[in-house]
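A.B. asks: Just a sequence and a predicted model for now, questions to come.
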Amino acid sequence: MLPPELKKEWLAKWRRILDDNASRMDNPEAYRMMCRWETRDMLEAGVIDEMEQFEMDELADAAYWHAVEELVTTPAGYTYGGYYDVIRRATSECVGYIRSNTYYSSIGPGADGFDGKVFRDKTALRLVFRSDNQAWAINGLVLTAPSGELYDLVQTAQFIYGKVYPIICDADTYRALVDCAQVALESRDFESYRKARPLLLSAQFTKCGACLDRFGQRENCSTCAGNGFVNTAGTQPTSPA
Ligand SMILES: [Zn+2]
């Protein structure tokens, strides 16, 4: 292939990755990395120069920060690095565990290891069982069996860059982390923010929907009693584990 054609094609490929809104909102850190890997390879192949790479990476960074700012106010959903107890809603019984997208049954575990996997196709999330290939839908933090029976996914920990962190249940710790994350966000400090974000998402608290933790409004907010955040523990059944 002639170099100009190669460049054109490669740029189109990079553009597809950059414009992939689903992957950007799904996992902004991985999205940013994918974009940067592409420009790094293009630079190595001599298809773009350093200035072009810099400008392209700036676009990916802007898209990343835009996504995470939007996600701050999004209600918690299933995260890929999450550790969850699977609780049958009708009986409050813990029937199994999800560890980084792998399901382990606690009532009738398979002979060799795991019993299912969580997959995403397009926008739908499903837990697919190993024994019979049945697929159960996951919406938010609710797993639904084909019979219509509901199971709650109660998060207990979060896997972040090679380490497992228990979810934050202490209000002072949460407040301190929110403040650190805000500084990282405002100063576009990617390394700090990428570590804080999954911890905030998996915490037992969430930003107050009434005052949005805004200075000046927070003080008189009756929803959060001036804290700027609310406890989400009451909205889900507690795990017996
Ligand atoms: Zn409030």
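C.D. replies: Everything's here; your move.
A.B. asks: distance between stretch 20-30 and the chain's centre?
C.D. replies: 9 Å (CA atoms, centre = their mean, to the nearest Å).
A.B. asks: wait, stretch 121-132
C.D. replies: With CA atoms, centre = their mean as the basis, stretch 121-132 stands 18 Å off its chain's centre.
A.B. asks: May I see the buried residues of that stretch?
C.D. replies: Neighbour-count burial for stretch 121-132, counted by 16 or more other CB atoms under 10 Å, picks out 125-127, 129-130. Every residue, glycine included, has its C-beta placed from N, CA and C.
A.B. asks: From the residues you listed, which land in strands?
C.D. replies: Those of these mapping onto strands are 125-127, 129, per DSSP state E.
A.B. asks: Apart from its neighbours in sequence, what residue is nearest M56?
C.D. replies: T39 (4.8 Å; CB to CB, 6 or more residues apart in numbering).
A.B. asks: And that neighbour, how close does it get to A67?
C.D. replies: T39 sits 18 Å away from A67, going by CB to CB, to the nearest Å.
A.B. asks: Which of the two has more residues huddled nearby?
C.D. replies: T39 (24 against 19; other CB atoms under 10 Å).
A.B. asks: can I assume that one is in contact with L59?
C.D. replies: No. Contact between T39 and L59 fails when scored by CB atoms under 8 Å: they sit 9.7 Å apart.
A.B. asks: buried stuff in the longest helix along the chain?
C.D. replies: If you go by DSSP state H, the chain has its longest helix at helix 50-71. By neighbour count on 16+ other CB under 10 Å, the buried set for helix 50-71 is 53, 56-57, 60, 63-64, 67-68, 71.
A.B. asks: For it, the averaged confidence score.
C.D. replies: The pLDDT scores in helix 50-71 average 95.
A.B. asks: how much does the helix or strand that it is followed by deviate in direction from strand 124-129?
C.D. replies: With elements assigned by DSSP states H and E, the helix or strand that comes after helix 50-71 is strand 82-88. Inter-element angle recorded for strand 82-88 and strand 124-129: 70 degrees (by axes from the mean of the first three to the mean of the last three CA atoms, to 10 degrees).
A.B. asks: which residues sit against strand 82-88?
C.D. replies: Contact with strand 82-88 is made by 78, 93-100, 103, 141, 143, 149-159, 164, 202, 237, 239-241, as judged by CB atoms under 8 Å, 6 or more residues apart in numbering.
A.B. asks: from those residues, which would you call buried?
C.D. replies: Counted by 16+ other CB under 10 Å, the contacts of strand 82-88 give 78, 94-99, 103, 141, 143, 151-159, 202, 239 as buried.
A.B. asks: Filter these down to the ones in helices?
C.D. replies: Of those, the ones assigned to helices by DSSP H are S202.
A.B. asks: In strands, which of the buried ones among the contacts of strand 82-88 fall?
C.D. replies: Checking the buried ones among the contacts of strand 82-88 against DSSP E, those in strands are 94-99, 103, 143, 151-159.
A.B. asks: Chain neighbours aside, what residue packs nearest to the residue positioned nearest the centre of the chain?
C.D. replies: When CA atoms, centre = their mean is applied to the chain, the residue found nearest the centroid is T79 (4.2 Å). Distance criterion CB to CB, 6+ apart; nearest residue to T79, sequence neighbours excluded, is L201 at 6.1 Å.
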